[in-house]
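# From the sequence below, what's the structure:
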Amino acid sequence: MRSALRKALAAVAVLTAAGCMQAVPAGVASASNAPIKIALITSETGIAAAEFQTSPQGFLARIDLQNAEGGIDGHQIDPIVFDDQGSLTTVVTATKQAIADGVIGIVNDTPFFFAAYKYPQEAGIPVTGGSFDGSEWGEQPNTNMFASDSGSVNPNVPVSLGIGKFFKAHGGTVVGSYGYGISTSSTYSANGTAKSALLAGLKVGILDTSVPFGSVDLTTEALAAKSAGVNAVYGGMDNDSNFALETALEQDGVKLKVVEFPTGYEADIIATPAWTAVQGAYFVTAFRPTSLPDAGTIQMVDALKKYQHRAPSNFPSFNIYESWLGADLMIKGIELAGTHPTSAKVIKALRGVTSYNGNGILAVSLNFKTDFGKGSPVACAWYMKAEPKGFVAASATPSCSGFVPGSTSTTP
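Now for the predicted structure:
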């Protein structure tokens, strides 16, 4: 049954039609056996839709699985999906509507949440999900935020040694690193890559953090990379921009030794024209690949198949992992909050969690009790290489590296 999906679509219609919003006190689910409302905010349409349009699948599958197991202490979970349409204005409207609807918590899976995070903080609503939108996840006073992919992230975003060493090990000598100007997380990742490369003894030929969000015209960038002698590339952008960048580099005759993208490890690109262009590129994932199964990935794949009719061969993409884990951590917080959960109780419960890894999906367990504003002490990820028949893991175990003390990716 697709009851959860119907509720999600209905919520989008309510958001569009709402002319005013009447606030509902946080924690209305505390009534005996009352449904618990959880909202997902994502970008099903707009400039980020290519990356996030399937995000509801992970969120709804995790909630349907929980409801099938009896819900939480007799409470069924009522999922609501809001489409922010890739707009900084609409993401604020969606967030305010979720709060007005009386949700106990919000799951983030949009790159635009940095424009709206202050509203759940002011309302005392817990937020879980992906921290890829910005640095607010580890900043005061946002102790209501719990990144289910990386913990309570250090807002200074320290530099990891890993990517610089990876480039060097694969023959890279001159690095080109790219990010979106509108996205702080994209900018920081590009900055961090450039600094990591320098620490590994490489040269940074290009550091461009002014790419327009979603841009697919990257001819100018490719020509600049050729002129600078770039042979190692990092694209901290969405799939459309990253693939357009590599295509432009190839067309302009740039000879690359190694390419790394933090997104794009997903089944549906294999049958696209972009697949030829990205052959040999490495796609890094902080989430355990389903081709290396464990209890967490098996549970997720089975739930996606049962409740969202997503075939196991169509393995989860980055955004689906994010929405699944966001829902999973929110459910954990509600379970720990007791028989009559409220938003405040969920926040308190989650702040006491000392070891969370999404049932093995994350390579590093997160500590929300002691690590607010610090993040994980080590970064781990799997490298997946694009080969003719599909993605192949470079290793059965994740690659891990530490951070440079006192370093920051917030500036070039």
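# got a list of what Val127 touches?
By CB atoms under 8 Å, 6 or more residues apart in numbering, the contact list for Val127 reads 105-108, 113, 117, 120, 144-146. No exception for glycine: its C-beta is placed from N, CA and C like everyone else's.
# Can you tell me which of those residues lies closest to Ala225?
Using CB to CB, Phe113 is the member of the contacts of Val127 that sits closest to Ala225, with 31.2 Å.
# Sketch out the helices for the stretch 301-412 of the chain, chain order is fine.
318-336, 343-351 (DSSP state H, counting those that start in this stretch).
# cool, and the chain?
Taking DSSP state H as the criterion, the chain carries its helices at 3-17, 49-52, 55-68, 88-100, 118-123, 162-169, 184-199, 219-228, 239-251, 274-277, 295-308, 318-336, 343-351.
# quick check, distance from the third one to the centre of its chain.
Once both centres are worked out by CA atoms, centre = their mean, to the nearest Å, helix 55-68 turns out to sit 17 Å from its chain's centre.
# contacting residues for the residue most central in space within the chain?
For the chain, Gly130 is the residue whose C-alpha lies nearest the centre (CA atoms, centre = their mean; 4.0 Å). Gly130 makes contact with 108-109, 147-149, 319, 322, 326, according to CB under 8 Å, 6+ apart.
# same deal with Phe368?
Phe368 neighbours (CB under 8 Å, 6+ apart): 146, 151-152, 350-354, 356.
# mind putting the contacts of Gly130 in a markdown table, distance to Val259, pLDDT and neighbour count included?
Output for the contacts of Gly130, formatted as a markdown table (distance: CB to CB, whole Å; pLDDT from 0 to 100; neighbours: other CB atoms under 10 Å):
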| residue | distance to Val259 | pLDDT | neighbour count |
| --- | --- | --- | --- |
| Asn108 | 28 | 98 | 32 |
| Asp109 | 26 | 98 | 30 |
| Ala147 | 27 | 97 | 27 |
| Ser148 | 28 | 97 | 31 |
| Asp149 | 23 | 95 | 23 |
| Asn319 | 21 | 96 | 28 |
| Glu322 | 23 | 98 | 30 |
| Gly326 | 29 | 98 | 32 |
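# Tell me which of the helices of the stretch 301-412 of the chain is the most buried.
Of all those, helix 318-336 has the most neighbours on average by mean count of other CB atoms under 10 Å, namely a mean of 26.
# Quick one: list the elements packing against that helix.
Counting contacts by 3 or more CB pairs under 8 Å, 6 or more residues apart in numbering; DSSP states H and E, helix 318-336 packs against strand 36-42, helix 49-52, helix 55-68, strand 105-109, strand 127-129, helix 295-308, helix 343-351.
# picking up where we left off before, would you check which pair of the contacts of Gly130 lies furthest apart?
Checking the contacts of Gly130 with CB to CB, the most distant pair is Ala147 and Asn319, at 14.7 Å.
# re earlier: out of the contacts of Val127, which comes closest to Asp208?
So of the contacts of Val127, ranked by how close each gets to Asp208 (CB to CB), first place is Phe113, at 24.3 Å.
# How is the protein divided into domains?
Here the domain parsing of the chain from automatic domain parsing is 3-150+292-376, 162-285+379-402.
# Can you tell me which of these is nearest to Thr411?
domain 162-285+379-402 (6.6 Å).
# which one is Pro312 nearest to, not counting chain neighbours?
Val301 (5.1 Å; CB to CB, 6 or more residues apart in numbering).
# Oops, could you answer that again for Leu329 instead?
Using CB to CB, 6+ apart, the nearest residue to Leu329 is Ser148, at 4.0 Å.
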